[in-house]
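Q: here is a sequence together with a model predicted from it:
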4 protein chains.
Amino acid sequence: MKKMKAAVFVSPGKIALHEKAVPVPGPGEALVRVTTTTICGTDVHILKGEYPVKPGLTIGHELVGVVDSCGPGMTGYQPGQRVIVGAITPCGQCHPCLDGHQAQCGGYAMGGWKFGNTIDGCQAEYVLVPNAMANLALVPDSLTDEQVLMCPDIMSTGFGGAENGHIMIGDSVAIFAQGPIGLCATAGAKLRGASQIIAVDSIDKRLEVSKQLGATVTINFKKEDPINVIKDLTRGRGVDVAVEALGTQETFESCLRAIKPGGTLSSLGVYSGKLTMPLDAFAAGLGDHKIVTTLCPGGKERMRRLMNVVESGAVDLRSFVTHHFTLDEIENAYELFANQCDGVIKVAIKVS
Amino acid sequence: MKKMKAAVFVSPGKIALHEKAVPVPGPGEALVRVTTTTICGTDVHILKGEYPVKPGLTIGHELVGVVDSCGPGMTGYQPGQRVIVGAITPCGQCHPCLDGHQAQCGGYAMGGWKFGNTIDGCQAEYVLVPNAMANLALVPDSLTDEQVLMCPDIMSTGFGGAENGHIMIGDSVAIFAQGPIGLCATAGAKLRGASQIIAVDSIDKRLEVSKQLGATVTINFKKEDPINVIKDLTRGRGVDVAVEALGTQETFESCLRAIKPGGTLSSLGVYSGKLTMPLDAFAAGLGDHKIVTTLCPGGKERMRRLMNVVESGAVDLRSFVTHHFTLDEIENAYELFANQCDGVIKVAIKVS
Amino acid sequence: MKKMKAAVFVSPGKIALHEKAVPVPGPGEALVRVTTTTICGTDVHILKGEYPVKPGLTIGHELVGVVDSCGPGMTGYQPGQRVIVGAITPCGQCHPCLDGHQAQCGGYAMGGWKFGNTIDGCQAEYVLVPNAMANLALVPDSLTDEQVLMCPDIMSTGFGGAENGHIMIGDSVAIFAQGPIGLCATAGAKLRGASQIIAVDSIDKRLEVSKQLGATVTINFKKEDPINVIKDLTRGRGVDVAVEALGTQETFESCLRAIKPGGTLSSLGVYSGKLTMPLDAFAAGLGDHKIVTTLCPGGKERMRRLMNVVESGAVDLRSFVTHHFTLDEIENAYELFANQCDGVIKVAIKVS
Amino acid sequence: MKKMKAAVFVSPGKIALHEKAVPVPGPGEALVRVTTTTICGTDVHILKGEYPVKPGLTIGHELVGVVDSCGPGMTGYQPGQRVIVGAITPCGQCHPCLDGHQAQCGGYAMGGWKFGNTIDGCQAEYVLVPNAMANLALVPDSLTDEQVLMCPDIMSTGFGGAENGHIMIGDSVAIFAQGPIGLCATAGAKLRGASQIIAVDSIDKRLEVSKQLGATVTINFKKEDPINVIKDLTRGRGVDVAVEALGTQETFESCLRAIKPGGTLSSLGVYSGKLTMPLDAFAAGLGDHKIVTTLCPGGKERMRRLMNVVESGAVDLRSFVTHHFTLDEIENAYELFANQCDGVIKVAIKVS
């Protein structure tokens, strides 16, 4: 039995590199040899025990790799093909998937998020891809691993925030928090034709990246009150769409205060603790407001579209990779990323 | 100067019939002689001082009447035409109106709600209709006052809840609270093609009306736990859309618990106090949920469509009028309606 | 090797009952024992050689049956379960399916239509269902075969015409041609909340059925000019949505003449010969018109929703089955149906 | 009575500068002093007698100007304000306007197009703006006349083609014809997030402009077969959306051949003569195709949004103005523009 190294959740506070058997693909599955992976904020929640997964589970849901072998019933793929797989791996065949709710695959909340959550993830030498025909997305030769490394999760999520906010040409959009996902939402707002793109964060360095990605205005909320600035910038109207990209009461509330009557709050954050609706900003429920939430869209068609964007040059996230590690060094990578040291945005973990 | 009787807000707890001058229509305005009006739950909030309006303001925003005279610049209308006017009177010409947010006319929250809020309302012998060309909707001869009396507010609002929930053919829909608006949402769910329509209330008599309007299942939440029943009825999935028609933490939360991952909470209620998001039901923000709020759609085109529905016989709300009063008796009507006595659903106030 | 009877296309003009081997399900496939099937207008086109299929192919794409056996990799189904399968059998896993274009599965036009077109169909004792997990829809015990027999094709197609026309509450809708699909579009228009539903055909008997399904007005185009009547009924406006349900120049053109500026022509027909756009009715391309075409939506989720509608009692198409045959008599059934004898709407072929 | 110069349609082949009385604004109207205007392809059709207007009518529907005076009932505007007005001037108050079909104002085809069609246009020193509150859009001080001169028509129309095509992030889009409107559709496709933008024309100079505006590929159809190239570029799929920007059988047909099953043909052209649907490309009506047509969206909110785009720098069309004239020279301007001499894209007519 072939062995491989995999970063597994051991117990709260501990993710460690273990040896595991290389899995064998069953019907409809594919085995992918991981070439590059990365760490997500969600992985840090798992590390800290804030999001429960089974001890022994391999972590990670963002991967670039090469098809190693295909299980029975798979057609149209060959070993050696370079692929990415979305963080969310819909089956394409259950009721919610067929109804357009692929991220809620199976019909339970977040059901489409399997890697590093309900099945072994990709911070490993190999990963078993479920429903592989729906999920293996071929990477064009012209693109490097690092160019497509952000597609599986943060680009898909961030763009999804812009898309589900139903941004229109000429809109004013505010994005609260400019971590990797917020930055992608900023880029997404530009891609959808927003004209006034207001990025809010407390780290000036992040806000510089926001500008490169399309922000027309940046607000450091430690220096200015974002709601006041937004009201000024929009002559009192408020923005058409606000994107929440952190998952806190404060940012959620700010979004609601920032939007116009009839505006949309597009929420990407993962909330914990308590979330209260500020009824004044919510116009007691009479403001024709919309609140939409988006879990990272997955599936190979989504990945194809995102790689189209990368290939077109419209959005280039290579600068997000601020630090490089090998799989053997992944515990260090967690250390750095979990503590947000050294201006890290994202890390690249070179596996093979 | 011609005089008229008008029900005005005097002070918290007191709405009384006063004498006022009959107004004269300015440019773009029309004077309408009111024939029939009614009382809304919002009027009761005003009566109780829970929703602040200026003392001396004429109350009321639901009317059937006859065009008395037209101000300068108005074309296409003649005195004597029978009309209804929506509770919300958009100007049609401001930025939000032109952008499809007519209920937020003017760009401030609820800006389209003018009658009995920011200008004199229609619980009076005459009412001045602003932006009359956008708001006077001709009533077909075949329909009586009482047949169209619900169009201006509760039918528009209730149907709006169904429409903005984006109900699809074959959907399961739950409507929490079966007051006049919730009942209309129930009828609206049927009109949009929902197959399983679950009406929730605590008053069995209301739930009988729900059945007549299209509910396929009714739940008296005093006798059964609606969430359990809904999960059973949907084999654990939850409903596609839940409509909130009361404005309380409990109903809002139940809606969120009732919907499937990817489902929509369509909110019609007016919330006061505090509104907290149950994070478990909200899937911490990752359930692809949508929360949409709807303020009564107005304007003459909306009214035309609603009268089409009435004319087609698809929805008949005549039985909603459980009690009749004259304008002189309006204080009694408030007494009855505010205290929800005698099984009242809606009252009809005959004015002239 | 087990044998079965199957109606196969022999040559133009000839569909005959042949003996074939009962197929064995491969990965992801299921074998279904057919209990009831029917004949579609498309099958008649095949019979007449107007739509080319390979000689020897089993015809038919509408079925009710019982799961006989499941291929490798299938989970969640057991032999003995009663199912229907849509006429269109999307894989759920290719790019177009994941992008919401399930009827165009595989990326070529009509790619989702496989049964009796590119693979053996269901006018047979057994049928092999491709991508069975996406396509086997469990039939509730409360529904008979004949109650759900219309779901796989005509109900899905007809409702689809109403859905894709984006009918709104209070709309005026005209449906041109009241064959089985047009009748279902009429029922669909009612389900979506249209108030004025105008059914057009030349057979009064059909128009009586239209009325039962929701038509508020019927026009026998041999007796009246439908465009004139429609303009009168809508006070010159035209209808909001017109559904084309035949596939001829005349009906297409009438739809375009019937709709208002800004209206939608929802096309369901299969056109042959030549189709010309009447530029006057098309406002030279400046009328903000939409023309949308719909191929029967398939997949088990669609089927589930349609069975919900049947179960709710909102639409009852049992009266469509005007004639009954056994599989052995299928050639007679074709004879009757192809020649539209004896007031036939649809036939039911009892297989086992 | 004050006099002014105005370019009027005299007879087919002749548009000439006449003297006319400066009009006086009635209720809801405003008089605008024109500072800059331009000539549209439609004006050329009028000149040639191909589109009938009343002799003596002032031509022109694209203007930048200054508010001179306001009629009774107008509020919120003052003389001296710099404004643009869309080519389409919806009233905002009729049934179609309130229903979102502002370009079809009044309920007849193209009813929103009034300037230089049914009322005097703006190739004059002054123009009377109907429903001025819905149509006067304030120009930010930071923008010059020429920066916003394309907003009233070609930018609104071209972007509208992209918007109504429902372009998604990562889409492939082809735009057939790169005249001023086609070029704006190219820019619009980029604004909506298309990744592969294929511009088709026969003039290489135009195609260079296409590249500057966002085209990722250009095809000179005199040198290459666009359908073949598009199929190659999309690996046989076809584009998601094709925009028709000329109004000929050939471009319409090419669009239909270029789109994928499930794709959208977004039509902007004005067709004359005959338009035939190629049934093979149309998949006999079973390809889930959409054909949508768009008349230039108007109204002050639309103009505000377009000026937002200009202000953001995302789209800069100043280079479109290839030639400058004064109002006195307008006949020369028509001569040049009608004959497409000297590489003209658009002309600017300086009025005052």
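A: Yep, it's here.

Q: who in the stretch 101-250 of chain A is up against chain C?
A: A:Gln102, A:Asn131, A:Met133, A:Ala134 (Cβ under 8 Å from any Cβ of the partner chain). From N, CA and C alone the C-beta is placed, and that goes for glycine too.

Q: the first one is in contact with C:Cys97, isn't it?
A: Spelled out, that is A:Gln102. No. Taking contacts as Cβ atoms under 8 Å, A:Gln102 lies outside contact range of C:Cys97: 10.5 Å.

Q: quickly list what's touching both of the two.
A: By Cβ atoms under 8 Å, 6 or more residues apart in numbering or on different chains, A:Gln102 and C:Cys97 have these common neighbours: A:Gly92.

Q: just to revisit the earlier point, pull the most distant pair out of the residues of the stretch 101-250 of chain A next to chain C.
A: For these, the farthest-apart pair by Cβ to Cβ is A:Gln102 and A:Met133; their separation is 13.9 Å.

Q: where do the helices sit along the stretch 251-352 of chain A?
A: A:300-312, A:330-338 (DSSP state H, counting those that start in this stretch).

Q: try the stretch 101-250 of chain A
A: In the stretch 101-250 of chain A, helices defined by DSSP H, counting those that start in this stretch lie at A:132-135, A:145-148, A:156-164, A:180-191, A:204-213, A:226-233, A:249-258, listed in chain order.

Q: report the distance from the first one to the chain centre.
A: This points to helix A:132-135. Helix A:132-135 sits 19 Å away from the centroid of its parent chain (Cα atoms, centre = their mean, to the nearest Å).

Q: which residues does it contact?
A: A:25, A:28-30, A:70-71, A:74-77, A:85-86, A:89-93, A:129, A:298-300, C:91-94, C:98.

Q: and the third one, by the same measure?
A: Under the contact criterion Cβ under 8 Å, 6+ apart, helix A:156-164 has outside partners A:86-88, A:173, A:175, A:180-189, A:191-192, A:194, A:241, A:243, A:245, A:266-268, A:292, A:294-298, A:302-303, A:306, A:309, D:168-169.

Q: before we move on, back to that, nearest to A:Lys222, of the helices of the stretch 251-352 of chain A?
A: helix A:330-338 (22.6 Å).

Q: quick check: buried residues in the closest one?
A: A:Ile330, A:Ala333, A:Tyr334, A:Leu336, A:Phe337, A:Ala338 (16 or more other Cβ atoms under 10 Å in any protein chain shown).

Q: spit out the contact partners of A:Arg305.
A: Residues near A:Arg305 by Cβ under 8 Å, 6+ apart: D:Met168, D:Ile169, D:Gly170, D:Asp171, D:Ser195.

Q: now the fourth one: how far from chain C?
A: To tie it back to what came earlier, the one meant is D:Asp171. 10 Å (Cβ to the nearest Cβ, to the nearest Å).

Q: tell me which parts of the stretch 51-200 of chain A are close to chain D?
A: Checking the stretch 51-200 of chain A against chain D by Cβ under 8 Å from any Cβ, the hits are A:159, A:163, A:168-172, A:188, A:190-193, A:195-196.

Q: could you find the closest non-adjacent residue to the residue of the stretch 51-200 of chain A found nearest chain D?
A: Going by Cβ to the nearest Cβ, chain D is nearest to A:Gly170 of the stretch 51-200 of chain A, at 2.7 Å. Nearest residue to A:Gly170, sequence neighbours excluded (Cβ to Cβ, 6 or more residues apart in numbering or on different chains): D:Arg305, at 2.7 Å.

Q: check the one you found and give its pLDDT.
A: Per-residue pLDDT puts D:Arg305 at 98.

Q: quick check on A:Asn117: phi, psi?
A: phi -130, psi -60 (degrees, to the nearest 10).

Q: neighbours around it, how many?
A: 22 (other Cβ atoms under 10 Å in any protein chain shown).

Q: what separation is there between it and A:Gly86?
A: Distance, A:Asn117 to A:Gly86, using Cβ to Cβ, to the nearest Å: 13 Å.

Q: now A:Pro52
A: Taken as Cβ to Cβ, the span from A:Pro52 to A:Gly86 is 23 Å.

Q: of these two, who's got more company?
A: For A:Pro52 versus A:Gly86, neighbours defined as other Cβ under 10 Å are more numerous around A:Gly86 (30 against 11).

Q: for the nearest residue to the more buried one once chain neighbours are set aside, give me its contacts.
A: For A:Gly86, ignoring the flanking residues on the chain, the nearest one in space by Cβ to Cβ, 6+ apart is A:Gly298 at 3.1 Å. By Cβ under 8 Å, 6+ apart, the contact list for A:Gly298 reads A:Gly86, A:Ala87, A:Ile88, A:Thr89, A:Pro90, A:Gln102, A:Ala103, A:Gly112, A:Asn135, A:Pro152, A:Ser156.

Q: tell me the pLDDT at A:Gly298?
A: pLDDT, A:Gly298: 98.

Q: do A:Met1 as well
A: pLDDT, A:Met1: 79.

Q: same question for A:Arg318.
A: So A:Arg318 comes in at 95 (pLDDT).

Q: so who does it touch?
A: By Cβ under 8 Å, 6+ apart, the contact set of A:Arg318 is A:Glu146, A:Gln147.

Q: surely A:Phe221 and A:Val200 touch.
A: Yes. With contact defined as Cβ under 8 Å, A:Phe221 counts as touching A:Val200 (5.5 Å).
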